[in-house]
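In: can you look at this prediction? I've put the sequence above it.
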Amino acid sequence: MSESFFEKPILNSPYAYPGRHWELNADGQPTNRIVESRRRSDLITPVPKPKKQKKAKGQTQFVLGHADDLSTAEQEYNPTPIINEIRTYIDVWRALPNPDQWLVTPETARLLQHWRSTAFQGIRPFFCQVEAVETAIWLAEVAPKLGARASKFRAHIEGANAQANPDLFRIALKLATGAGKTTVMAMLIAWQAINAARHPGAKAFSRGFLIVAPGITIRDRLRVLLPNDPDSYYRSREIAPPDMLDAIDHAKIVITNYHAFKRRERMEVSKGNRQLVEGRTGQKLDTLENEGQMLQRVMPDLMGMKNIVVLNDEAHHCYRERVGDREEDDDALKGEAKDEAKANNEAARMWISGLETVKRKLGVQVVFDLSATPFFLRGSGYREGTLFPWTMSDFSLMDAIECGIVKLPRIPIADNVSGGDTPKFRNLWEEIKKSGQSFPKKGRASGQTNDPRNLPLLVQSALDALYGHYAKTFALWQEVGIGVPPVFIVVCNNTSTSELVYKYISGFEQTDENGATKTVLSRFDLLHNYDEFGNRLARPNTILIDSAQLESGEALDKDFRELAADEIERFRREMVERTGDIQAGQKIDEATLLREVMNTVGRKGKLGEQIRCVVSVSMLTEGWDANTVTHILGVRAFGTQLLCEQVVGRGLRRQSYVENADGLFNVEYADILGIPFDFTASPVVSKPQKPRETVQVQAVRPDRDRLEIRFPRVTGYRVELPAMRLEADFREDHALDLNPDLVGPTNTRNQGIIGEGIDLKISDLDQVRRNKILFELSVHILRTKYRDGDGGPRNDLFGPIKRITRQWLDGGYLRCTGGTTEGQVLYRAIADMAANKIVAAINEKLINERPVRAILDPYNPTGSTRYVNFTTSKETRWETAHDKCHVNWVVCDSDWEAEFCRVAEAHPRVRAYVKNQGLGFEVPYLMGSTQRKYLPDFIVHVDDGHDDPLNLVVEIKGYRGEDAKEKANTMRTYWVPGVNNLQKFGRWAFAEFTAVYEIEAAFGMLIDELIAESPATLVTG
């Protein structure tokens, strides 16, 4: 767990580990005491409560032991107990300090350490993302080794799948909208592909992956999961360490939408010819692809592979409809709800049938279902709104809101209309029905036109109310200089409703009795598509989208194509203007054009950049990742909280993931009307955060290849003691400062509710004699640092070690302040720190004997500046000189680093330099008994008069705590001598600069000393 977790409340922190929280005082404010608790998702159930249904026949018992009135002997519906039990196992497993205890492969252990503790250049994986992948890893690698106590989990998954997916082994991972399911998919692929490459015979791993999406939008967006994509997550999001990327490059990954599973015609045969042939032969003419041909078309790269891993994105669309013994009341489905259920079932049938075909023909090892709402849909034959019983990890929307990963949705909680149980804008559709108002029926009768101004009054009022706040938000965004507008979305039930709402918002043209056409402007100045004179704007502010049609990939419906003809034409013209190609608009079909607009809403330089309002037929598709949505209006029925969460989720993706000064995300809001989402919040207008400029930091190739800097990737050190007398010369960095910051409080006041309080002081350790400290510390050093080839302690060294330890104690290198005592050095963690300092002094004395050898990474022993490639939004950065640095930018952690860049570029003896960011230059060291990785600030090539340049490792440091001292000791004692002794990577030295205003002078003096002496290591203040 990150140490920063204990420094501040976890509220609004995406990196916080659930299970602990700050205790609140009587005023509801966090105290400084952390207590254990259940996750919020255990306190506020994340599963939408299903509508009451008829009791299933033959119900006998509750399988999972919860009186939820849902689970039966035939069907489980509540996996929450098993999820919480697995979470308990994983919490214990995660806390194990030694990777050897994790019961996973070395590659998996390396990935877990990378995800949990590496300092990422961009956004590091959120806890929920790591937890989801940890669940999959634990089930696959750890649980089988725990015997009977963990076998029940696989039995549960197999049983759950046998009830609904008998041919597939599915594991569902539930992550809230905006929590980063794509990143989780990349982590799963990295885990499987790397292990498959390093363990080719292991059946638990695969290098073949089939990713199935619900539509073309998500399919195209998931291209970042391809290793060769320019924006590949494995590199841009640092999903895997650089030395493991090669294994991912060899993975076979196919991304498709489930519509591709539909068997296509192999040849076009007219209806008449078909009847003729069938009439002559008496057999039905089969011109459809067979299953093998379909698979060859959809996934040619995976043909011939076995045990493919399938990842379903938005997997709640993938299920096998329950036909017999249905547990739903089908009579409750009428009208549009029944049509929607039928369409859902047809889509789900096609999806799961395709996967079953893959299983039969090629073999499927496991199916990972990823969804924010892995619930059974209406009409599926299962209880609506219940979790897939094979769900094994759950990060709910409430968790995401609490952690600040998504925007905070705000819904009506009160109004000035008396007599109602809830605010009228809370469930707009139901209030419209109660008022007797109505919308036109679906479809447009020939010759009949509807006036948009005849919208139900409640809809007009809701639009006015929401637009008023939108205008304020729009002004705030302009005030802070955000280059794109906030987005207002309206979700409608059908084409007729959406057409009226669209025209009401954007304005429309009307023909009077005399045949004259006039333009009717809307009241929404920021959203209409006409100027004040009634002329169409070249770029529309409001667009109409039928997301269901666009996602299928088929031709647009005639009615919708006619309705959207105007905006299609205007976007064609804009494409011509943007590209300068007069044919550009004709090379792309209408559906693809509108899809491009929808997918680029709020993105600078794209077709949808300046869109302010989206009116959607049905509901916007899952995966629509516009992050500028601030206002949502629902004009349709919402029968369950599942639908509410899906629609609200379209507006919850954050605009900014930049942490504030407290290390948290600034709160962002989405204001919602017409959707009865079960969440309340106080309405306030929040000032948006201006997005930072993003730059690409990369090696400039081939123009600057002469400035390339190469370095060794060191994983450890081997020390061989010479057969001689041990000695030590102690310096300032070998001192250990004991203070309350390091060891904890030395005086604690305890007070009960009543009665006298007491002060708890560290006084008993005052009585520990110096000789006892000397003896026990010497024994500790001998047992932990000096062992023979058989693993036993080198008892012959006890005398020299005791003598050197006495020298350390008598020399005043153990310093006690703030009420601490010398006896506290006997705490194991403090003793480890003391031992490291004493042993470092011994090894430094033996540098000339060359006892230290650096151990290199066997898979990737050499790093280089040529592989630097990442993006950053940090404002403190230095544009490098073309003749001094291989990389175009230095991203500075402080102004001190920027000053060093200036000094390095100005000095004539500097041949090249680079900042160690995105470089992969790491130095392993011990802090106590914990192994850590140190990332020095710079590598500088210095011309010190030799034929080859000196590789100078530079650290810019202000305050030097114990951790900084250990890093410097490791560089002087182990890394620099160990690498120099290899004699493969040139000459290396180390220097520290601690006074920013003296860097230029100190650096000049250091260069002069290097030219004169060329020492192995140097330290400068």
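Out: Arrived safely.

In: report how many residues lie close to Ile194.
Out: A count of neighbours around Ile194, defined by other CB atoms under 10 Å, yields 26. Just so you know, the C-beta spots here come from the backbone N, C-alpha and C atoms, and that holds for glycine as well.

In: now swap in Ile352 and tell me
Out: Ile352 sits with 25 neighbouring residues when counted by other CB under 10 Å.

In: surely Pro924 is in a helix?
Out: No. With DSSP: H, G, I helix; E, B strand; the rest coil as the criterion, Pro924 is strand rather than part of a helix.

In: you'd agree it is up against Pro712?
Out: No. Using CB atoms under 8 Å, Pro924 makes no contact with Pro712, being 11.9 Å away.

In: let me know the next secondary structure element after the helix or strand of the chain with the lowest mean pLDDT.
Out: When each helix and strand of the chain is scored by mean pLDDT, DSSP states H and E, helix 40-43 comes last, with a mean of 36. Where DSSP states H and E defines the elements, the next helix or strand beyond helix 40-43 is helix 80-94.

In: what are the boundaries of the strands in the stretch 501-650 of the chain?
Out: Applying DSSP state E, counting those that start in this stretch to the stretch 501-650 of the chain gives strands spanning 508-511, 517-520, 542-546, 613-617, 629-635.

In: possible to save those as CSV with mean pLDDT, mean neighbour count and distance to Gln121?
Out: Shown next, in CSV, are the strands of the stretch 501-650 of the chain (pLDDT from 0 to 100; neighbours: other CB atoms under 10 Å; distance: least, CB to CB, whole Å):
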stretch, mean pLDDT, mean neighbour count, distance to Gln121
strand 508-511, 84, 14, 49
strand 517-520, 84, 13, 52
strand 542-546, 84, 26, 36
strand 613-617, 87, 27, 33
strand 629-635, 89, 25, 28
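
In: quick one: the helices in the stretch 101-250 of the chain?
Out: Counting by DSSP state H, counting those that start in this stretch, the stretch 101-250 of the chain has helices at residues 106-117, 127-137, 148-164, 181-198, 216-221, 233-236, 245-249.

In: helices or strands next to the fifth one in the packing?
Out: Translated: helix 216-221. Where contact means 3 or more CB pairs under 8 Å, 6 or more residues apart in numbering; DSSP states H and E, helix 216-221 is packed against strand 252-257, helix 547-552, helix 590-599.

In: what angle do the last one and strand 613-617 make?
Out: Taking axes from the mean of the first three to the mean of the last three CA atoms, to 10 degrees, helix 590-599 and strand 613-617 form an angle of 130 degrees between their directions.

In: out of Pro924 and Pro712, which sits in the busier spot?
Out: Applying other CB under 10 Å to Pro924 and Pro712 shows that Pro712 carries more neighbours, namely 22 against 17.

In: what's the neighbour count on the closest residue to Ala898 other than its chain neighbours?
Out: Distances taken as CB to CB, 6 or more residues apart in numbering put Cys892 closest to Ala898, at 4.6 Å, once the chain neighbours are dropped. Other residues near Cys892 come to 21 when the count uses other CB under 10 Å.

In: make 55 the first number, not 1, from now on.
Out: Sure, I'll start numbering at 55, so the last one becomes Cys946.

In: how close does Cys946 get to Glu1046?
Out: Shown here: Cys946 relative to Glu1046, a distance of 17 Å by CB to CB, to the nearest Å.

In: which stretches of the stretch 305-454 of the chain form strands?
Out: Going by DSSP E, counting those that start in this stretch, the stretch 305-454 of the chain shows strands at 306-311, 362-367, 418-425, 445-449.

In: so what's the gap between the last one and the chain middle?
Out: Translated: strand 445-449. Here strand 445-449 is found 16 Å from its chain centre; the criterion is CA atoms, centre = their mean, to the nearest Å.

In: buried sites along that strand?
Out: By neighbour count on 16 or more other CB atoms under 10 Å, the buried set for strand 445-449 is Thr445, Met446, Ser447, Asp448, Phe449.

In: by contact count, what packs against that strand?
Out: Short answer (3+ CB pairs under 8 Å, 6+ apart): strand 445-449 packs on helix 134-148, helix 181-191, strand 224-229.

In: deepest-packed of these, please.
Out: Most buried of the helices and strands packed on strand 445-449 by mean neighbour count (mean count of other CB atoms under 10 Å) is strand 224-229; its value is a mean of 26.

In: what residues does it touch?
Out: Residues from elsewhere that reach strand 224-229 (CB atoms under 8 Å, 6 or more residues apart in numbering): 100, 182-183, 186, 189-190, 193, 211, 215, 235, 238, 369, 420-428, 441-442, 444-450.

In: re earlier: which stretch in the helices and strands packed on helix 270-275 is the model least sure about?
Out: Lowest mean pLDDT within the helices and strands packed on helix 270-275: helix 601-606, a mean of 62.

In: and the longest helix along the chain, average pLDDT?
Out: Looking across the chain with DSSP state H, the single longest helix is helix 389-415. Here helix 389-415 scores 83 as its mean pLDDT.

In: list the buried residues of that helix.
Out: 394-395, 398-399, 401-402, 404-413.

In: do the same with stretch 1044-1064
Out: Neighbour-count burial for stretch 1044-1064, with 16+ other CB under 10 Å as criterion, is recorded at 1044-1048, 1050, 1053-1054, 1056-1057, 1060-1061, 1064.

In: ok, the closest residue to Ile243 other than its chain neighbours to Ala895 distance?
Out: Excluding the flanking residues, the one nearest Ile243 by CB to CB, 6+ apart is Phe263, at 5.7 Å. Distance of Phe263 to Ala895, computed by CB to CB: 52 Å.

In: so for those two, which sits in the more crowded spot?
Out: Legend: neighbour count by other CB under 10 Å for Phe263 and Ala895, higher for Phe263 (25 against 22).

In: thinking again about what came up before, by mean pLDDT, show me the worst of the helices of the stretch 155-304 of the chain.
Out: Note on those: helix 270-275 shows the lowest mean pLDDT, a mean of 80.

In: what about the helices in the stretch 455-604 of the chain?
Out: Ranges of helices within the stretch 455-604 of the chain are 482-489, 511-534, 549-560, 601-606, based on DSSP H, counting those that start in this stretch.

In: including distance to Arg224, could the strands of the stretch 555-704 of the chain go into CSV?
Out: Listed next are those as CSV, based on distance: least, CB to CB, whole Å:
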stretch, distance to Arg224
strand 562-565, 48
strand 571-574, 52
strand 596-600, 31
strand 667-671, 30
strand 683-689, 31
